[in-house]
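K.L.:
what's the 3D shape of this:
(chains A and B)
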Amino acid sequence: MGFFIETLIGGLMAGMLYSLVALGFVLIFKASGVFNFAQGAMVLFAALAMARFAVWIPAALDIGNPVLGTGLAFFAAAVLMFVVAWLIERLVLRHLVNQEGATLLMATLGIAYVLEGLGTSLFGSDIYKIDVGMPKDPVMILEGTFEGGLLINKEDFVAALIAAVLVGLLALFFQKTSTGRALRAVADDHQAAQSIGIPLNRIWVIVWSVAGVVALVAGVIWGSKLGVQFSLATVALRGLPVVILGGLTSIPGAIIGGLIIGVGEKLSEVYLGPMIGGGIEIWFAYQLALLFLLFRPQGLFGEKIIDRV
Amino acid sequence: MSRQIGDVILDLQQVSLSFGGVKALNDISFDVREHEIRAIIGPNGAGKSSMLNVINGVYRPQEGEIILRGQRCTRMNPYQAARAGISRTFQNIALFKGMNVIDNLLSGRNLKMRSNLIQQAIWWGPARREELAHRAKVEEVIDFLEIQHIRKTPVGRLPYGLQKRVDLGRALAMEPSILLLDEPMAGMNVEEKQDMCRFILDVNDQFGTTIVLIEHDMAVVMDISDRVVVLDYGRKIGDGSPDEVRANPEVISAYLGASH
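P.N.:
Take a look at the predicted model:
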């Protein structure tokens, strides 16, 4: 029993991180109807910036305090992501108002390549490490309840907590503020949103900035686990099955989809894995997504598309 | 009638618009006076919707001028038009389908919102008061259009006639000085049409809103509008009071066929 719960918790924590990546997709899709292929590149770019700034800024300003140095680096990286969002709107999106979804999709593919190239040429292509002072050592809890207790990885726990808080804040922002409402309006209908005086350009800068900050948080968390390297851009691929499961337009969907996939991966690896020789964790999520595409293409919480004939 | 028709508020001068080789609008001039109900009619493909889209800034005419309150604004986009007090409804209802009625109407208040993002995020004093004030205004519009019973329903689930009414509501929530209505009665039954007519007349009467509307149904147009412009194949073939237009031989032949 203790082992099962341990696996379950491990899955939930991994799932929270998937949710964070998926959230980036959902945010931009909700606000502009674009599937943002550049989300992975944004994670990489943000993580690279963070890793380098954490070295450069303390060195340049002669700051000894690691907390202050890390804080400044995070802030600088967030500002950089805002600048990136602004540039994307200025140079790309502004010229594509009212275009087909496929056109915008191709544009985000282009943005992905530019960001990957720019990131590695600005910050170098070595493998960096991000140290934001996450606790590394595992802890044992509930030793009295279960035999041998539960082994919890503190780092995962903190990461999941951060992700949960961020997700909660964003859900509130979308549902409760008038800017959130304007974002949803733009997602539904560009033309109508413009005609009632919602400034499309500003909305896009806001939403890409928010997605940039989400990418930064995801990049920092994954980066401090795995190190910052080019493969970080493929972390976004882990978010794809999550959005298919949860629905592209639903923030709660991204969260629950992430958790289901995290838990499903871990449990199937542990309990089904031995029967078919293991390695399930790698493809389980995609298999699940495929089933969803067959039977419930709008996902768990997505809006069902009904065509009026 | 209590309302007083005022000066020219919107003046279109020799406007031409073409898409590639197709001339959608050919040298069209007319004006709209403050507080009046001005109709644009014409057979299918006459250029009525194009005309409305030109006023709203969706299309930019290749030739001609648009003068709004004495100022040239030919190069306006829809956002600027909204800022200038022009709001509109759409022929194929363009509501925000995932949102409920209240949120749709509240989004129409966007231009009037002053609090910034940070204030909204922490739901701080001014942002909160502002939201409540806008909410009160939206409730007024809801009462006016008699849609209290569907306030919290996502608009995607509403029947067509009610969606049209919500579309009008969103435009009204902007408190426009000029309201553009693109076929407000298309696809409605007689009862719904009567309701819509009543709302249009009430808006005009109570708020003094200038209304420019496109409509197919001749009887309706003749009943509610002060002056009518008639378009056919992108040309203007008639302009005047409903009675003048009704008597115009060119208008009769456009509507009933040349042989008449």
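K.L.:
give me the number of residues near residue 214?
P.N.:
Using chain A. A count of neighbours around residue A:214, defined by other Cβ atoms under 10 Å in any protein chain shown, yields 28. In this view, the C-beta of every residue, glycine as well, is placed from N, C-alpha and C.
K.L.:
hmm, I had chain B in mind actually
P.N.:
Neighbourhood size, residue B:214 [other Cβ under 10 Å]: 23.
K.L.:
Pull up the gap between the closest residue to it other than its chain neighbours and residue B:63, please.
P.N.:
Computed as Cβ to Cβ, 6 or more residues apart in numbering or on different chains, the closest residue to residue B:214 that is not its neighbour in sequence is residue B:48, at 4.5 Å. From residue B:48 over to residue B:63 the distance is 19 Å, taken as Cβ to Cβ, to the nearest Å.
K.L.:
out of those two, which sits in the busier spot?
P.N.:
Each of residue B:48 and residue B:63 has its neighbours counted (other Cβ under 10 Å); residue B:48 has more, 25 against 14.
K.L.:
What sits closest to whatever residue of the stretch 51-200 of chain B ends up closest to chain A if chain neighbours are left out?
P.N.:
For the stretch 51-200 of chain B, the residue positioned closest to chain A under Cβ to the nearest Cβ is residue B:82, at a distance of 3.2 Å. The shortest distance from residue B:82 to any residue other than its chain neighbours is 3.2 Å, reached at residue A:197 (Cβ to Cβ, 6+ apart).
K.L.:
Just give me how far the helix or strand bottoming out on mean pLDDT in chain A sits from the chain centre.
P.N.:
Across the helices and strands of chain A, the lowest-confidence element by mean pLDDT, DSSP states H and E is strand A:138-141, at a mean of 75. Per Cα atoms, centre = their mean, to the nearest Å, the displacement of strand A:138-141 from the mean C-alpha position of its chain is 27 Å.
K.L.:
Show me where the stretch 201-309 of chain A dips below the pLDDT cut-off.
P.N.:
A:303-309 (pLDDT under 70).
K.L.:
before we move on, what about the stretch 151-260 of chain B?
P.N.:
By pLDDT under 70, the weakly predicted segments of the stretch 151-260 of chain B are B:256-260.
K.L.:
ok, now with 80
P.N.:
Using pLDDT under 80 as the threshold, the predicted model of the stretch 151-260 of chain B has low-confidence ranges B:216-218, B:255-260.
K.L.:
what comes up buried for whichever helix in chain A runs longest?
P.N.:
Ranked by residue count and defined by DSSP state H, the top helix of chain A is helix A:2-32. For helix A:2-32, the neighbour count (16 or more other Cβ atoms under 10 Å in any protein chain shown) marks A:6-32 as buried.
K.L.:
Tell me the residue of chain A that sits nearest chain B?
P.N.:
Closest approach of chain A to chain B (Cβ to the nearest Cβ) occurs at residue A:197, with a separation of 3.2 Å.
K.L.:
Contacts only, for that residue.
P.N.:
The contact partners of residue A:197, taken as Cβ atoms under 8 Å, 6 or more residues apart in numbering or on different chains, are B:79, B:82, B:83, B:110, B:111, B:174.
K.L.:
and the helix ranked longest in chain B, what does it pack onto?
P.N.:
Longest helix in chain B by number of residues (criterion: DSSP H): helix B:125-144. Counting by 3 or more Cβ pairs under 8 Å, 6 or more residues apart in numbering or on different chains; DSSP states H and E, the packing neighbours recorded for helix B:125-144 are helix B:101-107, helix B:117-121, helix B:160-173.
K.L.:
Tell me what residue B:154 is bridged to.
P.N.:
residue B:100 (DSSP bridges).
K.L.:
what about it, distance to residue B:89?
P.N.:
In this structure, residue B:154 and residue B:89 are 19 Å apart, going by Cβ to Cβ.
K.L.:
more neighbours, these two?
P.N.:
When residue B:154 and residue B:89 are compared for neighbours, residue B:89 comes out ahead with 26 against 17, by other Cβ under 10 Å.
K.L.:
Verify the contact between that one and residue B:166 for me.
P.N.:
No: Residue B:89 lies out of contact with residue B:166 (Cβ atoms under 8 Å); the separation is 9.7 Å.
K.L.:
Distance check, the residue nearest to residue B:82 against residue A:110.
P.N.:
Remark: distance between residue A:197 and residue A:110 (Cβ to Cβ) = 31 Å.
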